[in-house]
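Visitor: My questions are about this predicted structure, shown below with the sequence.
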Amino acid sequence: MSTESRILVEKSDHVALVTIDHPPVNALNLETAQQFEAVVNQLEADDQVRAVILTGAGEKSFSAGFDVSDAANGPAIGSLVRALWTRLDRFPKPLIAALNGHALGGGLELALCCHFRLAADRPGIKIGLTELNLGLIPGWGGTQRLARWVGHKTAVEMILLSQVLSPQEAQGAQLVNQVVSPDQLIAQARELAGRLAQRPPQAMGHLLQVMAQGLYEGLPAGLAAEEAALKAMRGSKERSEGFSKFLDKGKG
């Protein structure tokens, strides 16, 4: 097994840029998936990281998902990635997917776990879940998460017909937040991440987890989590500072 790092991490100004670097299409074999999990563990525990950008190396692909050349480890990869994508879907820090190229299959399923998606305005980029062409179904969460962003009707069309969207079409379907010039993709993602990193980190962590809990466990559980989070934040330094700033502004 190679010991070469396939998941690259750069940190600056409370933002982590995570790059999947597994040519030619940044697909995930078992080793790359395990490295990805280790990076997620590190970033979740790092209090200095307040926002995370996920992207792919090169111009061709954000990620093509499952690496078919490692089919022998398919079950292990699937089990690891399904659990990891769910962790990301419930991550307590904002996640931004910077789609530098194709986002297909498991790659789009990764992007669906992020809170924001920016796409490069590059001709030929394809975004979709095309597993049915192979006699399969999306297996890393796409059957459930795509509809959350684009609605049930569009999700059914995309999956059953194996439709692929351009970045502009994906933006029109509410799947992509913003389409930007390729040479500005990471800069725009950093700008957004920087703004998010300036938000109160503890309150934002509570917010993301409460919203995710409602999606996963239903409205009553989400409302109960909301109430518990508010109680937990009553004596927080962030709350005191926030109210002080608000009151001071009112006096001006």
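Guide: Here it is on my side, so go on.

Visitor: Please, which helix or strand holds Lys11?
Guide: Using DSSP states H and E, Lys11 sits within strand 7-12.

Visitor: what comes up buried for that strand?
Guide: By neighbour count, and taking 16 or more other C-beta atoms under 10 Å as the criterion, the buried residues in strand 7-12 are Ile7. Just so you know, the C-beta spots here come from the backbone N, C-alpha and C atoms, and that holds for glycine as well.

Visitor: Paired strands for that strand, with orientation please.
Guide: Strand partners for strand 7-12, identified by DSSP bridges, are recorded as strand 15-20 (antiparallel).

Visitor: Averaged pLDDT, the strand it pairs with. What do you get?
Guide: The predicted model assigns strand 15-20 a mean pLDDT of 98.

Visitor: before we move on, back to that, run the chain-centre distance for the strand holding Lys11.
Guide: Offset of strand 7-12 from its chain centre (C-alpha atoms, centre = their mean, to the nearest Å): 15 Å.

Visitor: what do you get for stretch 127-147?
Guide: The chain centre lies 16 Å from the centre of stretch 127-147; the measure is C-alpha atoms, centre = their mean.

Visitor: average model confidence for that stretch?
Guide: Model confidence over stretch 127-147 averages 97 on the pLDDT scale.

Visitor: returning to that earlier point: state the mean pLDDT of the strand holding Lys11.
Guide: For strand 7-12, the per-residue pLDDT averages 98.

Visitor: Identify the residues contacting that strand?
Guide: Counting by C-beta atoms under 8 Å, 6 or more residues apart in numbering, the neighbours of strand 7-12 from elsewhere in the structure are 16-21, 32, 35-36, 38-39, 42-43, 46, 48-49, 57.

Visitor: Mark which of the residues you listed are buried, thanks.
Guide: In these, burial by neighbour count holds for 16-20, 32, 35-36, 39, 43, 49, 57, counting by 16+ other C-beta under 10 Å.

Visitor: Make a markdown table from those and add distance to Gly78 to it.
Guide: Shown next, in a markdown table, are these (distance: C-beta to C-beta, whole Å):
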| residue | distance to Gly78 |
| --- | --- |
| Ala16 | 26 |
| Leu17 | 27 |
| Val18 | 21 |
| Thr19 | 23 |
| Ile20 | 17 |
| Thr32 | 14 |
| Gln35 | 17 |
| Phe36 | 14 |
| Val39 | 19 |
| Leu43 | 23 |
| Val49 | 28 |
| Ala57 | 23 |
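
Visitor: Closest one to Arg145 out of the residues you listed, please.
Guide: The nearest member of these to Arg145, counting by C-beta to C-beta, is Phe36 at 17.7 Å.

Visitor: Just give the closest residue to the closest one, not the sequence neighbours.
Guide: Excluding the flanking residues, the one nearest Phe36 by C-beta to C-beta, 6 or more residues apart in numbering is Ile7, at 5.1 Å.
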